[in-house]
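Asker: Quick one: sequence and predicted model below, then my questions.
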Amino acid sequence: MFMASRIQTRAFSASARNLSKVTVLGAAGGIGQPLSLLLKLNPKVTDLALYDIRGAPGVAADISHINTKSKVTGYEPTPSGLASALKGAEVVLIPAGVPRKPGMTRDDLFNTNASIVRDLAKACAESCPEANILVIANPVNSTVPICAEIFKARGVYNPKRLFGVTTLDVVRASRFVSEIKDTDPADENITVVGGHSGVTIVPLFSQSKHPELSTNAELINRVQFGGDEVVKAKDGAGSATLSMAMAGARMAESLLRASHGEKGIVEPTFVDSPLYKDQGIDFFSSRVELGPNGVEKILPLGEINDAEKKLVEACLGDLKKNIEKGVAFVAANPGK
Ligand SMILES: NC(=O)c1ccc[n+]([C@@H]2O[C@H](COP(=O)([O-])OP(=O)(O)OC[C@H]3O[C@@H](n4cnc5c(N)ncnc54)[C@H](O)[C@@H]3O)[C@@H](O)[C@H]2O)c1
Ligand SMILES: O=C(O)C[C@H](O)C(=O)O
């Protein structure tokens, strides 16, 4: 209790002074570089810290020449470099980890990415336990529970500060709808719930301006497997990087706006959620109102139609297994 209030006071005093340090772990990668670029263009970011196991100082030197006010620092790939990159961070984005190649599922990345995320989560728990942690590395359905377990083991878990970034699913859904309806995607607000892989991605078109799309199997499939479209087109060179950078920058911007006092900021995101806990599912993506302390309010799913109820049903089975896999990994491999 004492820890939680101390954490909240510190976070508030930094944002009250409008000083926002944002750290990117995996900053020299396909997502990391354009994400860092977009964060450098964001006037709410005053201090941008870039860390990677290779190349972060070079990316930082390059980005630091952009004529916006924020200070950019690239850190060496050492434990002290990582700790310095994280110290005082308000937001940490984690795109560190390997991407898919054609024929792979996101779960096929688990063996490599689980330990990368575990070790970075440990560094966060030690150096910036009060930060908002935004997990991009796949499989998100498992890497977010991994982070939670690491924070719990160190007694610093704050469920309001841990987010799986599912913004790209929302971005895609609005773009795909706008292509069908010939509208501006900025006017298409599509809620996507569940998790971030295949059938765990559930768009709720019945809640949009185009409820008839909730039976459009082709569109639903495209939202659920949009990532595969990019993996296939890149033909072995990785997965979505540029659209993901935009989506990650949007999620970070939303959190910063909320921490700077703006009200009513809502983003669908994968969080520790009460919505399906009675079914043993501790994490779920739904519309979340953000505030100065991270999660302000987890909004209910609301009315959904029968077709969408079936999609949610199909999501829950896979999601439960993905979450359990992350929790079991930390239990069996707590690391150093
Ligand atoms: N959440 C989403 O919607 C979403 C979207 C796209 C990609 N992704 C995932 O994001 C991850 C990164 O994708 P990418 O295309 O940028 O890959 P990438 O290989 O281009 O970049 C990954 C970077 O992580 C770095 N890295 C590896 N281990 C590290 C460690 N221990 N500490 C710090 N940095 C480390 C690498 O050096 C590399 O620069 C993948 O797992 C991918 O599946 C998620
Ligand atoms: O598809 C992937 O592997 C990357 C990412 O999760 C995406 O949705 O584009």
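Answerer: On my side now, so go ahead. Ligands and ions are numbered 1, 2, ... in the order given.

Asker: just how off-centre is the helix or strand encompassing S115 within its chain?
Answerer: In the assignment (DSSP states H and E), S115 maps to helix 110-127. Relative to the centre of its chain, helix 110-127 is centred 15 Å away, using C-alpha atoms, centre = their mean, to the nearest Å.

Asker: Nearest to ligand 1: which residue in the stretch 1-150 of the chain?
Answerer: G29 (2.0 Å; C-beta to the nearest ligand atom). Yep, even glycine has a C-beta here, placed from its N, CA and C like the rest.

Asker: And for the helix holding S115, what's in contact with it?
Answerer: 25, 79, 82-83, 86-87, 89, 92, 94, 96-98, 131, 133, 135, 137-139, 142-143, 146-147, 150-151, 154, 156, 325-326, 329-330, 333, 335 (C-beta atoms under 8 Å, 6 or more residues apart in numbering).

Asker: what residues does the protein put near ligand 1?
Answerer: Contact residues, the chain versus ligand 1 (C-beta under 6 Å from any ligand atom): 25-26, 28-32, 51-54, 95-100, 109, 113, 116, 120, 136-138, 140, 165, 168, 196, 238-241, 244.

Asker: Mind checking which of those land in helices?
Answerer: Using DSSP state H to define helices, the subset of the residues of the chain next to ligand 1 located there is 32, 113, 116, 120, 140, 168, 244.

Asker: Please name the residues that touch the residue in the stretch 101-250 of the chain that ligand 2 sits nearest to.
Answerer: Closest residue of the stretch 101-250 of the chain to ligand 2, C-beta to the nearest ligand atom: G227 (2.2 Å). With contacts defined as C-beta under 8 Å, 6+ apart, the neighbours of G227 are 100, 106, 168, 197, 239-240.

Asker: show me where the stretch 101-250 of the chain has strands.
Answerer: Ranges of strands within the stretch 101-250 of the chain are 132-135, 162-164, 192-194, 201-203, based on DSSP state E, counting those that start in this stretch.

Asker: hmm, back to that, so how do I select the buried members of the residues of the chain next to ligand 1 in PyMOL?
Answerer: Selection of buried members from those for PyMOL, criterion 16 or more other C-beta atoms under 10 Å:
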select buried, resi 25+26+28+29+30+31+32+51+52+95+96+97+98+99+100+109+113+116+120+136+137+138+140+165+168+196+238+239+240+241+244
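
Asker: Which ones, among the residues of the chain next to ligand 1, also lie beside ligand 2?
Answerer: Restricting these to those near ligand 2 by C-beta under 6 Å from any ligand atom leaves 99-100, 138, 168, 239-240.

Asker: just to revisit the earlier point, mind checking which of the contacts of helix 110-127 are buried?
Answerer: 25, 82, 86, 89, 92, 94, 96-98, 131, 133, 135, 137-139, 142-143, 146-147, 150-151, 156, 325-326, 329-330.

Asker: All the helices of this protein, in order from the start?
Answerer: Going by DSSP H, the chain shows helices at 2-16, 32-40, 56-63, 79-86, 110-127, 140-153, 167-181, 217-224, 226-234, 242-259, 306-332.

Asker: Return the per-residue confidence for the residue of the stretch 101-250 of the chain closest to ligand 2.
Answerer: G227 is assigned 98 on the pLDDT scale.

Asker: Equivalent analysis for N18, please.
Answerer: Note for N18: predicted pLDDT of 78.

Asker: Quick check: it vs L35, distance?
Answerer: 22 Å (C-beta to C-beta, to the nearest Å).

Asker: ok, E267 - how many residues close by?
Answerer: Using other C-beta atoms under 10 Å, E267 has 20 neighbouring residues.

Asker: ok so, going back, how much space between the residue of the stretch 101-250 of the chain closest to ligand 2 and L319?
Answerer: Look at G227 and L319: by C-beta to C-beta, they are 16 Å apart.

Asker: What of D228?
Answerer: For D228, the distance to L319 (C-beta to C-beta) stands at 18 Å.

Asker: Comparing the two, which residue is more hemmed in?
Answerer: Neighbour count, other C-beta under 10 Å: between D228 and L319, L319 has more, with 28 against 19.
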